[in-house]
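Trainee: Here is my input, please return the structure:
(one chain, ligands or ions: 1)
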Amino acid sequence: MIEVQGLHLRYGGVAALDGVNLALRAGEFVALLGASGSGKTTLLRSLAGLEFPDAGQVLIEGRDMAAVPARERGVGFVFQNYALFRHMTVFENIAFGLRIKPRRLRPGRAEIVRRVEELLALVRLPGMGGRHPDQLSGGQRQRVALARALAIEPRVLLLDEPFGALDAKVRKELRHWLRGLHDRLGLTSLFVTHDQDEALELADRVAVMRDGRVVQFDTPEALLAAPADAGVAGFLGDAVPIDCVVRDGQAWFEGLPPVAVAGVAEGKAVAFLRPVDLLVEPGAGEARVAAARQDGRGVRLTVETAGMLLEATPAPGWMPRRGEPCRVTALAARVFPA
Ligand SMILES: Nc1ncnc2c1ncn2[C@@H]1O[C@H](COP(=O)(O)OP(=O)(O)OP(=O)(O)O)[C@@H](O)[C@H]1O
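Mentor: Numbers count the residues shown, from 1 in each chain. Below you'll find the predicted structure:
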C-alpha cells in the first residue's frame, strides 16, 4: 500500500533520513516512534509530498510519487497544533479541504455543504460549523483539523503528533476514537508519536526510528518481547538497564538470581528488565521494600537490592510494607552484549 525504499534526505550536514525502508499494508495503523530528531516528521512530510528526498522512492498503491504533487497524492495530513484558519468558520475550514482539490475533482457548492455536514457528524461536532476556531476546545480543534484532512477522502492518513498538545485524558479519549475512525473508514494510517504507550496501545505495528533509519518494524508484542538492539530495548516498556555477565546460558547479576538467556555471547552484557519481569515475594532475602503504594492499577512496588532501586511486581495477594525484607526473581530479561 505504502512503500518507502532507500529514502535519503539531508539538511546541510544533517542526514534527516538515512536510508529509510518501510512497507505498510492496506488498512494498517502504524505508529512511527522515536526520539526527538530521529526523522519522523521528515519521513511523514516526504510521504505527503511536502519534502523532496535526495534519493529513494515512495510508492503509494504501487505508484511512484516522485512526480506527483502533494494535493494529488490522495493523502490526508494532520499536524500537531494544526493551525486552523482563525478568520474562517469551522465550516469554511473543512470546506477548504474540498476547495483545494484539482478543478476537475472539485465538488459543487451544494455537494460541499452536504460533505461538510457529513464530516462534522463524523468527527462528532454536529452543528458547530458556524463557530470560529477560538470558540472550540483544543480537542475539538484537532477534530476539525482531522475533518479537513478527511474531506478529500484520502486512502492514506498521515498524523504528526496530532494530540501532542492536549491533556492526558483528552488525548487518551481522542486516540481511541481515532483508531475507531481509521477502522471504520478503512484507511491506512501512519501516526507519529514519541509516546511509547500511545504507539504500543494503538498501532497494529510500530516502526522505531533512530538517526534517520527505521531500526525495527514489528507488532507491539514482538517489539516488547524481542527488541532488535539495546537502543530499542531501552526505549520501550519502562525497562531499566542492568549490568550482568553471560556465562553458561545464564545472565548473572549482583543482587538478583541469574536468568536463562539464549543466543547471547558470553561475557559482559546489559540486561533490560521491566517491572513486569521482576517478581517479588515476601521473606528473608537480599532485597528490601523501598516503597509501595496502591493505585488504580494495583500495587506499585519499588525494591532495593545491591544498591539498585528497581520497580517490580509483588506476588499476588501480598501488600508489601516499606522496609520489609523480600526476594526478587527475574522472570525474563532482554540481554545484549555490552
Ligand atoms: N528544515 C530543516 N532544516 C535543517 N534541519 C532540519 C530541518 N528539519 C529537520 N531538520 C533536522 O533533521 C533531523 C530530523 O528532524 P525531524 O523533524 O524529522 O525529527 P523528528 O523525529 O520528527 O523530531 P521531533 O520528535 O522533535 O519532531 C533533526 O536533526 C532536525 O534538526
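Trainee: where in the stretch 101-250 of the chain is pLDDT low?
Mentor: Within the stretch 101-250 of the chain, no stretch has pLDDT under 70.
Trainee: give me the residue from it nearest the ligand.
Mentor: Closest to the ligand within the stretch 101-250 of the chain is His194: 5.1 Å, counting by Cβ to the nearest ligand atom. C-betas here are computed from N, CA, C, even on glycine.
Trainee: got the phi/psi numbers for that residue?
Mentor: Dihedral angles of His194 (phi, psi; degrees, to the nearest 10) stand at phi -110, psi 10.
Trainee: Around Gly317, how many other residues sit close by?
Mentor: Residues within reach of Gly317, counting by other Cβ atoms under 10 Å, total 5.
Trainee: now do Arg288
Mentor: Arg288 is flanked by 14 other residues according to other Cβ under 10 Å.
Trainee: repeat for the one 3 residues further on
Mentor: If you count neighbours by other Cβ under 10 Å, Ala291 ends up with 13.
Trainee: As PDB, could you dump the C-alpha coordinates of the longest helix anywhere in the chain?
Mentor: Looking across the chain with DSSP state H, the single longest helix is helix 168-185. Presented in PDB, the C-alpha positions along helix 168-185 are these (Å, rounded to 0.1, in the frame of the first residue of the first chain):
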ATOM      1  CA  ALA A 168      -3.600  13.300  29.100                       C
ATOM      2  CA  LYS A 169      -7.200  12.400  29.500                       C
ATOM      3  CA  VAL A 170      -8.500  14.100  26.300                       C
ATOM      4  CA  ARG A 171      -5.500  12.700  24.400                       C
ATOM      5  CA  LYS A 172      -6.400   9.200  25.500                       C
ATOM      6  CA  GLU A 173     -10.000   9.500  24.500                       C
ATOM      7  CA  LEU A 174      -9.100  11.000  21.100                       C
ATOM      8  CA  ARG A 175      -6.600   8.300  20.200                       C
ATOM      9  CA  HIS A 176      -9.100   5.600  20.800                       C
ATOM     10  CA  TRP A 177     -11.700   7.400  18.900                       C
ATOM     11  CA  LEU A 178      -9.200   8.000  16.000                       C
ATOM     12  CA  ARG A 179      -8.400   4.300  15.900                       C
ATOM     13  CA  GLY A 180     -12.100   3.500  15.600                       C
ATOM     14  CA  LEU A 181     -12.400   6.000  12.800                       C
ATOM     15  CA  HIS A 182      -9.500   4.500  11.000                       C
ATOM     16  CA  ASP A 183     -11.100   1.100  11.200                       C
ATOM     17  CA  ARG A 184     -14.500   2.300  10.100                       C
ATOM     18  CA  LEU A 185     -13.200   4.300   7.100                       C
END
